[in-house]
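1. With the sequence up front, the predicted model follows.
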Amino acid sequence: MTKASERSPWKQRWIVVLGGFLLAMVGGLSYSWGVFVEPMQTQFGWTKSDATLPLSVFMVVFAIMMIPGGRMQEKIGLKKQIRLGAFLFLLAYVLSAFVHFTTNKWWLVFSYGVLGGISCGVTYSCIAPAIRRWFPDKPGLAVSLGVMGFGLASTFFAPFKARVALPYLGIAGTFLLIGGITFVITWISSNLVRFPEDDWFTHLFGTMHLTGHTSSIMEDVRPRQMLREKLFWFTWLSFLFVVFGSLMLIGILPSFGREALNLTAAQAAIPLSFFALTNGLSRPMAGFLSDRIGSLQLMLIVYTLQTAVYLVLPFYINTLPLLSAAGVILGIGIGVTLALFPVLTSEFFGVSHLGMNYGLLFSAYGFGALAIPLGTWMHSLGKSYTPPLLLAGILSGAGTIILACILLFLRKRPH
């Protein structure tokens, strides 16, 4: 092998990470829905539940579409699939702009929730499988850098939507602008995200790369076979439990600050900003550390802290600095979840079918989306945030215990 051919794959694989980052950013751009809620309530006379319903549907459809999205890439290839997602995104946003004329929440449920969710699932499902095949030596760092775009997009684009796009362009104009931006970025990403053309990296590093002294799995597991494995279902449950509170928090954190701590609306938005920012920025560090101490080991540390914060939050978090610190820790929690569960899937079940395998695991995220309306409903029953936050803590603790049991099981199993 010549020196030029040795350097080429190393350079090419970081371009794939860049493409994954851009593709994830598109998903995060679609995900930052909160800025539309108040304008829709004012302009269309909708309730808060009406205005957030499209986002809830979006999240569920997004999670479901990760499964066929993972299968599709094996059939038609990454470029065609990502470009299909680009057209679907554009269609979703253009149709969403017509809500200005229909003023019907079900129109947005279809255009943004269903079509937008399909678009996000089709494109997002391409990121981890592609990057993971290029990085058997440092999967945690590479995959987390790719998916980091999802967390950062809402942090930076939400203020742009709220302060620039919506005041000057209105709801319909903002949808059209974001649709155009999304289409262009997704199309560019389709030229960057791809699988390795040969087994260069596999030959260099071996079939799998497992960290933290977990047991090597020397064969790639097909989706049907994976569904028969207890290891999959325990991992699925842990994913659901640890992400449940994170999704619930998106809906109740600002109102908790206003009602429980008597903060102003501007002050109450600060902890959520910290939550969103650390959600994105913590992912590369999580990936870097997971490659050194092991994915499961790092997850146990982070989820233990996350559980403790949920349990003390309704009782001892009574100032803006403390609530902001809680937002940082919980933001790290969801950042670790979305960065490392795709890596964990590849460690347990291989890389050849990672797209569909992770899509099946990611369905837990769709079920977790029920946390948003559930948290609001639990608060409305007793006018207290204690029950939903304690539920989040109990489930997070249960997910942590399941992951600890998985780690013990893998250590006892013969290599």
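-> Now that the structure is in, tell me what you want to look at.
2. lowest-pLDDT helix or strand in this structure?
-> Every helix and strand in the chain was compared by mean pLDDT, DSSP states H and E; the lowest is helix 200-205, with a mean of 46.
3. average pLDDT across the next helix-or-strand element following that helix?
-> Scanning forward in sequence from helix 200-205, with DSSP states H and E defining helices and strands, the next element found is helix 223-227. When pLDDT is averaged along helix 223-227, the result is 92.
4. and helix 223-227, which residues are buried?
-> Neighbour counts over helix 223-227 (16 or more other C-beta atoms under 10 Å) mark 223, 226 as buried. Using the backbone N, CA and C atoms, a C-beta is placed for each residue, glycine as well.
5. which other residues reach it?
-> Helix 223-227 has contacts (C-beta atoms under 8 Å, 6 or more residues apart in numbering) with 71, 232, 349, 353, 356, 357, 360.
6. Likewise for stretch 282-289?
-> Among residues not part of stretch 282-289, those counted as contacts by C-beta under 8 Å, 6+ apart are 138-145, 147-148, 151, 298, 302, 331-332, 335-336, 338-340, 343.
7. Kindly write the PyMOL command that selects the buried subset of the residues you listed.
-> In PyMOL syntax, the buried subset of those is picked out as below (16+ other C-beta under 10 Å):
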select buried, resi 138+139+140+141+142+143+144+145+147+148+151+298+302+331+332+335+336+338+339+340+343
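8. just to revisit the earlier point, among the contacts of helix 223-227, which ones are in helices?
-> Judged by DSSP state H, these include 71, 232, 349, 356, 357, 360 as members of helices.
9. Would you point out the most distant pair within the residues you listed?
-> Between all members of these, the longest pairwise span (C-beta to C-beta) is found for 71 and 232 and amounts to 16.5 Å.
10. Please identify which of those two sits among more neighbours.
-> When neighbours are counted by other C-beta atoms under 10 Å, residue 232 comes out ahead of the other of residue 71 and residue 232, with 20 against 15.
11. Identify the residue spatially nearest to residue 134, adjacent ones excluded.
-> In space, not counting the residues next to it along the chain, residue 134 is nearest to residue 13; the distance is 3.8 Å by C-beta to C-beta, 6 or more residues apart in numbering.
12. Near that neighbour, how many other residues are there?
-> Burial measure for residue 13: 18 neighbouring residues, criterion other C-beta under 10 Å.
13. Quick one: mean pLDDT for the host helix or strand of it?
-> Take DSSP H and E as the rule and residue 13 turns out to sit in helix 3-31. For helix 3-31, the per-residue pLDDT values average out at 77.
14. wait, isn't residue 303 in contact with residue 332?
-> No: counting by C-beta atoms under 8 Å, residue 332 is not a contact partner of residue 303; they are 10.2 Å apart.
15. Go through the helix or strand encompassing residue 101 and flag the buried ones.
-> Remark: residue 101 resides in helix 99-102, with elements defined by DSSP H and E. When neighbours are counted by 16+ other C-beta under 10 Å, the buried residues of helix 99-102 are found to be residue 99.
16. Give the other helices and strands that the helix or strand that that helix is followed by contacts.
-> Proceeding C-terminally, helix 99-102 gives way to helix 105-108 as the next helix or strand, assigned by DSSP H and E. Based on contacts counted as 3 or more C-beta pairs under 8 Å, 6 or more residues apart in numbering; DSSP states H and E, the elements that helix 105-108 packs against are helix 48-76, helix 78-97.
17. Give me the average confidence score over the helix or strand just after helix 105-108.
-> Sequence-wise, the next helix or strand downstream of helix 105-108 (DSSP H and E) is helix 116-124. Within the predicted structure, the mean pLDDT of helix 116-124 is 94.
18. what is the orientation angle of helix 116-124 with helix 78-97?
-> Going by axes from the mean of the first three to the mean of the last three C-alpha atoms, to 10 degrees, helix 116-124 is angled at 160 degrees with respect to helix 78-97.
19. Show me what helix 116-124 is packed up against.
-> Counting contacts by 3+ C-beta pairs under 8 Å, 6+ apart, helix 116-124 packs against helix 3-31, helix 48-76, helix 78-97.
20. Hey, what's the angle from it to helix 48-76? Just curious.
-> For helix 116-124 against helix 48-76, the angle between stretch directions is 40 degrees (the same axes, to 10 degrees).
21. who touches helix 116-124?
-> Residues from elsewhere that reach helix 116-124 (C-beta under 8 Å, 6+ apart): 23-24, 26-27, 30-31, 54, 57-66, 68-69, 72, 81-82, 84-86, 88-89, 92-93, 96, 150, 186, 189, 359.
22. so residue 183 sits right up against residue 88, yeah?
-> No: because the distance of 9.8 Å does not satisfy C-beta under 8 Å, residue 183 is recorded as not touching residue 88.
23. What are the structural domain limits within the chain?
-> Domain assignment for the chain by automatic domain parsing gives 10-206, 207-415.
24. Please compute how far the last one lies from its chain's middle.
-> It stands for domain 207-415. On the basis of C-alpha atoms, centre = their mean, to the nearest Å, domain 207-415 sits 10 Å off its chain's mean C-alpha point.
25. So which one of the ones in helices among the contacts of helix 223-227 is the model least confident about?
-> On pLDDT alone, residue 71 ranks lowest of those, at 86.
26. For that one, give me its contacts.
-> Applying C-beta under 8 Å, 6+ apart, we find residue 71 in contact with 223, 355, 356, 359.
27. Would you point out the most distant pair within those residues?
-> Every pair in those was compared (C-beta to C-beta); the two farthest apart turn out to be 223 and 355, at 9.5 Å.
28. State the number of residues packed around the residue nearest to residue 47 when sequence neighbours are not counted.
-> Using C-beta to C-beta, 6+ apart and skipping residues adjacent in sequence, the residue nearest residue 47 is residue 41, 7.1 Å away. Other residues near residue 41 come to 14 when the count uses other C-beta under 10 Å.
29. what mean pLDDT would you report for stretch 319-333?
-> 93.
30. what sits up against that stretch?
-> For stretch 319-333, contacts defined as C-beta under 8 Å, 6+ apart pick out 242, 245-246, 249, 253, 256-257, 261, 263, 267, 270-279, 282, 286, 302-303, 305-306, 309-310, 313, 316-317, 396.
31. Sketch out the low-pLDDT regions of the stretch 301-415 of the chain for me.
-> When the per-residue scores of the stretch 301-415 of the chain are filtered using pLDDT under 70, the ranges that remain are 413-415.
32. Flag whichever of the helices and strands packed on helix 105-108 has the least confidence on average.
-> helix 48-76 (a mean of 87).
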